[in-house]
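> structure here, sequence nowhere to be found:
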């Protein structure tokens, strides 16, 4: 039996231990967006640090301006082995809204699914389950062969779910420590349960929070209603002007830097035969909205967006309170493509809202993070090595896909470290990431571990 076959057998024979370890990690509510969970975020980092130290990795928990970065390193005994930097994150989204969960978000449970079994918990897929696919692959190689096929460095951050605000400074300060031949990112999805995928393009990101204030205090709606501008009405009116009737964003110069899709690109996307009916049907919708001249995949991967993620103000407690709020707020995100400049868009976004403020109103804007769009070369030998590893595990050929989401670290890693990232993940579109009842299929976890074991072996062969 060759080494990879022995490693794969070990993974299968000990898979239940891998599941137990993931459950233990998922119990830690490492919510980075809420300061009351700061101690839990640190506990999640330390938990993984202990796991890696037991596998012979050298560990550093490096402080940042926010949550720390967990860095780990273990070198192969093979001369001239390539060095791979694995990136992931140990922070998770909040559990809210808790009332929509079938079970508590930080009390992981195994349930039946259409694919066999699934683990349900916040972070099950994004990103603790995905991180465990490569951690458990390392474990299997070390237990079976006593070594890794190539040099491995690991960088796990604790702020990805807040836009990675501290990561740029961390990368700049640790360039030498993070030197590698490539980066592997496991925070993406498969094409379907039987078809692996490598993501070669990501949309960029802009996250902002805007608040507008009118009267100096909350007002009685009977005493002032009809005689003052209601801040909630004013903010809703501005939001309604963000798009035209066809879904085009109306912010000044928003589409500067957006590349036109070539006929070849459109043909490649069409050849993927995206199941629009199934994709939208599973979320209770009959089909796509937005710019009518583009297909669903084109909108998701190659067109920019501007979406309000939350709005609030006034009284939202039980019962009723007849109040006109002094202040109204929203959180907003833009997904960016091509050469769109997030900083220029942020400036024009601020101007868009300020120009539409009612008389006597004031406004504040907070920048919660920006990131540029990324498109990776498909002829990289390391991408080909990752594809060979996936082909070793799956019968269906690997698809090269784009992703509508954003991973700010990928652009920053390219810009600061000069590394291209091979993005290979094992999530599914119905995993409910960032939503109640997030889950990760156990078959995805197991095949992800097996795939990373094979990818390691194939990367080691690149000369």
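Yes, it's here. Since we're looking at a predicted model, the values are computed, not measured. Numbers count the residues shown, from 1 in each chain.
> do you know the pLDDT at residue 415?
On pLDDT, residue 415 comes in at 88.
> can you count the residues close to it?
Other residues lying near residue 415 total 15 when counted by other CB atoms under 10 Å. In this view, the C-beta of every residue, glycine as well, is placed from N, C-alpha and C.
> in which helix or strand would I find it?
Assigned by DSSP states H and E, residue 415 falls within helix 408-417.
> show me the contact partners of that helix.
Here helix 408-417 makes contact (CB atoms under 8 Å, 6 or more residues apart in numbering) with 85, 87, 89, 157, 160, 163-164, 167-168, 171-172, 175, 178-180, 183, 185, 202, 204-205, 369-374, 419-421, 423.
> relative to residue 287, how far out is the closest residue to residue 145 other than its chain neighbours?
Nearest non-adjacent residue to residue 145, counting by CB to CB, 6 or more residues apart in numbering: residue 3, 5.3 Å away. Separation of residue 3 from residue 287 (CB to CB, to the nearest Å): 49 Å.
> the residue nearest the centre of the chain: what's it in contact with?
A centroid search over the chain (CA atoms, centre = their mean) returns residue 407, at 5.3 Å, as the residue closest to the centre. Shown in contact with residue 407 (CB under 8 Å, 6+ apart): 160, 185, 187, 188, 202, 371, 423.
> residue 59 bridge partners, please.
When assigned by DSSP bridges, residue 59 has beta-bridge partners residue 72.
> what residues are up against residue 235?
Listed by CB under 8 Å, 6+ apart, the contact set of residue 235 reads 210, 212, 311, 313, 328, 329, 330.
> per-residue pLDDT, the third one?
The score at residue 311 is 97. That number is its pLDDT.
> ok, what's across the strand from it?
Beta-bridge partners recorded for residue 311 (DSSP bridges): residue 330.
> quick one: the strands in the stretch 351-463 of the chain, in order.
For the stretch 351-463 of the chain, the strands defined by DSSP state E, counting those that start in this stretch occupy 362-371, 374-375, 399-403, 421-424, 439-441.
> flag every buried residue along the longest one.
Looking back up the chat, that one is strand 362-371. By neighbour count with 16 or more other CB atoms under 10 Å, strand 362-371 contains the buried residues 367, 368, 369, 370, 371.
> the fourth one is in contact with residue 340, isn't it?
Put plainly, it is residue 370. No: the criterion here is CB atoms under 8 Å, and residue 370 misses it with residue 340 at 10.3 Å.
> overlap of the contact sets of these two?
residue 204.
> if we can go back for a sec, which among the strands of the stretch 351-463 of the chain is found nearest to residue 349?
For residue 349, the closest of those is strand 362-371, at 7.7 Å, according to CB to CB.
> care to break the protein down by domain?
What the record gives for the chain is the domain set 3-203+373-460, 205-258+304-370, from automatic domain parsing.
> for the nearest residue to residue 286 once chain neighbours are set aside, give me its contacts.
Spatial nearest neighbour of residue 286, chain neighbours left out: residue 280 (6.6 Å); criterion: CB to CB, 6+ apart. Residues in contact with residue 280 (CB under 8 Å, 6+ apart) are 286, 287, 288, 296.
> what about residue 140, distance to residue 17?
Counting by CB to CB - residue 140 and residue 17 are separated by 11 Å.
> all strands for the stretch 51-200 of the chain, in order.
For the stretch 51-200 of the chain, strands defined by DSSP E, counting those that start in this stretch occupy the ranges 58-62, 69-74, 83-89, 109-113, 116-120, 151-157, 182-185, 197-202.
> tell me which of the ones you listed lies nearest to residue 434.
Among the strands of the stretch 51-200 of the chain, the nearest to residue 434 by CB to CB is strand 83-89 (13.2 Å).
> now that closest one and helix 408-417, what's the angle there?
In terms of direction (axes from the mean of the first three to the mean of the last three CA atoms, to 10 degrees), strand 83-89 departs from helix 408-417 by 140 degrees.
> residues in contact with strand 83-89?
So strand 83-89 is contacted by 127, 130-131, 134, 150-161, 178-187, 409-410, 413, 417, 419, 421, 456, 459 (CB under 8 Å, 6+ apart).
> tell me where the protein has helices.
In the chain, the helices defined using DSSP state H lie at 3-13, 15-26, 38-54, 128-145, 167-173, 221-224, 231-240, 263-271, 276-281, 296-302, 342-355, 381-393, 408-417, 442-460.
> between the third one and strand 151-157, how many degrees?
Okay, so that is helix 38-54. Using the same axes, to 10 degrees: helix 38-54 against strand 151-157 is 170 degrees.
> neighbouring contacts of helix 38-54?
21, 24-25, 28-32, 59, 61, 67-68, 70, 72, 90-91, 131, 135, 154, 156, 158.
> which among the strands of the stretch 51-200 of the chain is found nearest to residue 267?
If you check each of the strands of the stretch 51-200 of the chain against residue 267 by CB to CB, strand 197-202 wins as the nearest, at 16.1 Å.
> what's the closest one packed up against?
Secondary-structure packing of strand 197-202 (3 or more CB pairs under 8 Å, 6 or more residues apart in numbering; DSSP states H and E): strand 374-375, helix 381-393, strand 399-403, strand 421-424.
> which of these is buried the deepest?
Among the helices and strands packed on strand 197-202, strand 421-424 has the highest mean neighbour count (mean count of other CB atoms under 10 Å), at a mean of 26.
> just checking: what are the partner strands of that one?
Strand 421-424 sits in its sheet next to strand 182-185 (parallel), strand 197-202 (antiparallel), going by DSSP bridges.
> take these and lay them out in a markdown table including mean pLDDT and distance to residue 320.
Formatted as a markdown table, the strands paired with strand 421-424 follow (pLDDT from 0 to 100; distance: least, CB to CB, whole Å):
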| stretch | mean pLDDT | distance to residue 320 |
| --- | --- | --- |
| strand 182-185 | 96 | 48 |
| strand 197-202 | 91 | 45 |
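> follow-up on the earlier one: what are the buried residues along the helix holding residue 415?
Buried residues in helix 408-417, counted by 16+ other CB under 10 Å: 408, 409, 410, 411, 412, 413, 414, 416, 417.
> what angle do that helix and strand 362-371 make?
With the same axes, to 10 degrees applied, the angle from helix 408-417 to strand 362-371 works out at 70 degrees.
> who touches stretch 283-300?
246-248, 261, 266, 269-270, 272, 274, 276-277, 279-280, 302-303, 402, 404.
> any of those residues buried? List them.
Among those, those buried by neighbour count (16+ other CB under 10 Å) are 247, 261, 269, 274, 279, 302, 303, 402, 404.
> residue contacts, the fifth one?
For residue 279, the contacting residues are 296, 429, by CB under 8 Å, 6+ apart.
> quick check: the gap between it and residue 196.
Residue 279 is 18 Å from residue 196, by CB to CB.
> and if you look at the last one?
When distance is defined by CB to CB, residue 404 is 19 Å away from residue 196.
> make TSV out of the buried ones among the contacts of stretch 283-300 and add pLDDT and distance to residue 103.
Formatted as TSV, the buried ones among the contacts of stretch 283-300 follow (pLDDT from 0 to 100; distance: CB to CB, whole Å):
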residue	pLDDT	distance to residue 103
247	96	37
261	91	43
269	91	38
274	91	32
279	91	26
302	93	38
303	96	37
402	89	33
404	86	28
